[in-house]
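Student: Model the following, please.
(2 chains)
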There are 2 protein chains.
Amino acid sequence: MTSDQTRQWRLASRPTGEPTDENFELVTVSRPEPGPGEVLVRTLYLSVDPYMRGRMRDAESYAEPWGVDEPMEAGVVGEVVESNHDGFEAGDVATGNLLWADHAVADGDELRQVDPELAPVSTALGVLGMPGITGYFGMTDVADPDPGDTVVVSAAAGAVGSVAGQVASIAGARVVGVAGSDEKCDWLTDDLGFDAAVNYDTTDDLTVALTERCPDGVDCYFDNVGGPITDAVWGQLNRDARVAVCGQISLYNATEQPTGPRKLTQLIQTRASVEGFLVGDYQDRWDHALERLGGFIQTGQLQYEETVTEGLEAAPDAFLGLFEGENVGKQLVKVGERS
Amino acid sequence: MTSDQTRQWRLASRPTGEPTDENFELVTVSRPEPGPGEVLVRTLYLSVDPYMRGRMRDAESYAEPWGVDEPMEAGVVGEVVESNHDGFEAGDVATGNLLWADHAVADGDELRQVDPELAPVSTALGVLGMPGITGYFGMTDVADPDPGDTVVVSAAAGAVGSVAGQVASIAGARVVGVAGSDEKCDWLTDDLGFDAAVNYDTTDDLTVALTERCPDGVDCYFDNVGGPITDAVWGQLNRDARVAVCGQISLYNATEQPTGPRKLTQLIQTRASVEGFLVGDYQDRWDHALERLGGFIQTGQLQYEETVTEGLEAAPDAFLGLFEGENVGKQLVKVGERS
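Tutor: Residues are numbered from 1 along each chain as shown, chains lettered A, B, ... in the order given. All right, here's what the predicted structure looks like:
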């Protein structure tokens, strides 16, 4: 590589299932020149993140797919080499979405200054960057624990999970982390102040392990992982629990999805929410609903149908017919006549 | 059966998978006598509902399991035969949780009067009873469509779905019903004012059928069914869509759950909510989070770790390592040194 060249990683091919080295190609190209308003940045750190697996796919998602034979984007902290933008000069440290490359050019408006005096510059990609902020808002705004709540965090020793768990702890919650090694679990409980941790890799029965560590059930679940861990946590959810679906890393390479609540990745894409409900919780507004429904019937806005099976002796058949979809409207069993 | 006897259905055994007639036993017993404050009711209509499948199981849920060889409970509309309660006299029509039986006794405080002049008495078990009220609140409070939203309702021709869909329609939404026969679909569109309907039983590709009927995607999904229908609807969810999980009838008899977002029944039990989120949606509060996180680091309340892989050439390995959980904290690739 000469001084007017730079190396960059390109997507060589799209993976099926687990990506391999074959999907990446390191090429040497001419070092780009910054145009008007642009900045040439020499990479100090680049960030690799699980969500990038989605960008290797040829499918629309919240992040645009990478093109085959095109350079791949990444969060980068780098040093400004040359600037045509008022906000930056050579020697500044900047962060933004650049490339898996030694050098890249970006619009100066798309970069942020990083103050090397405040914290190590690498933190702009971690605890003080996208992952940290993800952990912060996912915990404060989506999972939203109250003091004393039990909060479970999966991938708890990761960039997002480690922040999410500590934010819950600072908010007064009891925090249980799930991670994949004893070293990670020790870090969570000894250094980060998690109340307990589960090593999913050496635990025979995740449900038992969680029950032991969450004797009062689970009030909030910050889900980075999906799959069997999520299966086990959902089994421990308390009434009105809140689940923040942040990531599903165990499923990003999956070609099938045999475990875990399936399709949660779609919730991330759409920021959709799913909520269980029971009519019994609306007991104090029952009369309100009856009044509205009765009114709708009177105005002809609400129609109804009943499927009536005759005779007490036919009650099981009527019940079994529900599962075959035999009824239209309410399935009833007529047992007697008014006298 | 003599005049001092009554018939009642009992749970003969607990089903595995689909229930059969073998699980039910019709017995003749002495007609019960009402005690102080109690009322003897002769059943006119009894209601069979999908949630009852849960009561056949020996597992804690939101409704208590039925005992084997014990009579089974049901919503009943019946005529009062004998009353020891001030609120009822012989000849009144009452509704409450009674038995799959010709006669049953209940505490008068647990019964409601039904006015036979207002509507057919059977509606107290349907459109003006638990199912109608479930459809009402599930739509108004959980799915909560805005005018113009596209709303999909599964089991749309059922007791709950038919009300839920019409309530959405009254609220100004565009409503698409999924049901299991052409007759049901015709009822939805011709009589109930649904904008479109899909017969899941004769549709080759549910996703295609839904895409055609929901060209602007799905904003609200009222889910009574689960399974493949739910798989197909989730694929069409719009940004910030809301899914109300009311029932999962396609799964109540399942011993495995190969399709559909698994474990949604647990959301009903817990009224838990699940919400996808993306950090990019919090762009305008990014600085707030940075300030909080920076402060937590300064006070020692927030710890972080970084796993740094050296060299641009190792970037794919660093990325692939994420899926093996090789990192603790943020995974970075160090590409250069500050000059």
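Student: among the helices and strands of chain A, which has the poorest mean pLDDT?
Tutor: Within chain A, no helix or strand scores below helix A:264-270, which has a mean of 80 by mean pLDDT, DSSP states H and E.
Student: ok, and what's touching that helix?
Tutor: With C-beta atoms under 8 Å, 6 or more residues apart in numbering or on different chains as the test, helix A:264-270 has contacts from A:61-62, A:223, A:226, A:230, A:245-248, A:251-252, A:272-274, B:234-235, B:237-241, B:261, B:274-278. For every residue, glycine as well, the C-beta is placed using N, CA and C.
Student: neighbouring strands for the helix or strand following it, and are they parallel or not?
Tutor: Going down the chain from helix A:264-270, the next helix or strand is strand A:273-276, by DSSP states H and E. Sheet partners assigned to strand A:273-276 using DSSP bridges are listed as strand B:237-245 (parallel), strand B:273-276 (antiparallel).
Student: list the buried ones in the first one?
Tutor: Pointing back at strand B:237-245 there. Neighbour-count burial for strand B:237-245 flags B:237-238, B:241-245 (criterion: 16 or more other C-beta atoms under 10 Å in any protein chain shown).
Student: now for the residues you listed, which pair is the farthest apart?
Tutor: Across those, the longest distance by C-beta to C-beta is 17.6 Å; it joins B:238 and B:245.
Student: Any idea which residue of the stretch 1-150 of chain A lies closest to chain B?
Tutor: residue A:126 (3.2 Å; C-beta to the nearest C-beta).
Student: ok, that residue - contacts?
Tutor: A:47, A:132, A:159, B:304, B:306, B:329-330, B:332.
Student: Now do the most centrally placed residue in chain A against chain B, distance only.
Tutor: What sits nearest the mean C-alpha location of chain A, by C-alpha atoms, centre = their mean, is residue A:246, with 1.5 Å. Note on residue A:246: its distance to chain B, by C-beta to the nearest C-beta, to the nearest Å, is 7 Å.
Student: Please name the residues that touch that residue.
Tutor: Taking C-beta under 8 Å, 6+ apart, one finds A:134, A:138, A:160, A:164, A:222-224, A:268, B:277 in contact with residue A:246.
Student: coming back round to it: tell me which of the strands paired with strand A:273-276 approaches residue B:196 most closely.
Tutor: If we rank the strands paired with strand A:273-276 by C-beta to C-beta, the stretch that ends up nearest is strand B:237-245, at 16.8 Å.
Student: Output the below-cut-off pLDDT ranges for the stretch 101-250 of chain A.
Tutor: Nowhere does the stretch 101-250 of chain A drop to pLDDT under 70.
Student: just the helices in it please.
Tutor: A:130-137, A:159-170, A:182-186, A:206-213, A:227-234 (DSSP state H, counting those that start in this stretch).
Student: Comparing the ones you listed, which comes out most buried?
Tutor: helix A:159-170 (a mean of 29; mean count of other C-beta atoms under 10 Å in any protein chain shown).
Student: Show me what that one is packed against.
Tutor: helix A:130-137, strand A:150-154, strand A:174-179, strand A:218-223, helix B:286-298 (3 or more C-beta pairs under 8 Å, 6 or more residues apart in numbering or on different chains; DSSP states H and E).
Student: what comes into contact with the third one?
Tutor: In this case it means strand A:174-179. Contacts for strand A:174-179 (C-beta under 8 Å, 6+ apart): A:148-157, A:161, A:165-166, A:168-169, A:185, A:188-189, A:192-200, A:210, A:213-214, A:225, A:229, A:233, B:325.
Student: CA-only coordinates of that strand, as CSV, when you get a sec.
Tutor: Extracted C-alpha coordinates of strand A:174-179, given in CSV (Å, rounded to 0.1, in the frame of the first residue of the first chain):
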residue,chain,number,x,y,z
ARG,A,174,-32.6,-5.8,41.1
VAL,A,175,-30.6,-6.9,38.0
VAL,A,176,-29.8,-10.4,36.8
GLY,A,177,-27.5,-10.8,33.8
VAL,A,178,-27.3,-13.7,31.4
ALA,A,179,-23.9,-14.1,29.7
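Student: Give me the sheet partners of the helix or strand where residue A:76 lies and which way each runs.
Tutor: Using DSSP H and E, residue A:76 sits within strand A:73-83. Applying DSSP bridges, strand A:73-83 is found paired with strand A:38-47 (antiparallel), strand A:93-99 (antiparallel).
Student: relative orientation of the first one and helix A:159-170 in degrees?
Tutor: For strand A:38-47 against helix A:159-170, the angle between stretch directions is 70 degrees (axes from the mean of the first three to the mean of the last three C-alpha atoms, to 10 degrees).
Student: The last one now?
Tutor: What separates the directions of strand A:93-99 and helix A:159-170 is an angle of 130 degrees, with the same axes, to 10 degrees.
Student: Tell me which residues of strand A:93-99 come out buried.
Tutor: Here strand A:93-99 shows A:93-96, A:98-99 as buried, counting by 16+ other C-beta under 10 Å.
Student: okay but residue A:210 is in contact with residue A:198, surely?
Tutor: Yes. Judged on C-beta atoms under 8 Å, residue A:210 makes contact with residue A:198 at a distance of 6.6 Å.
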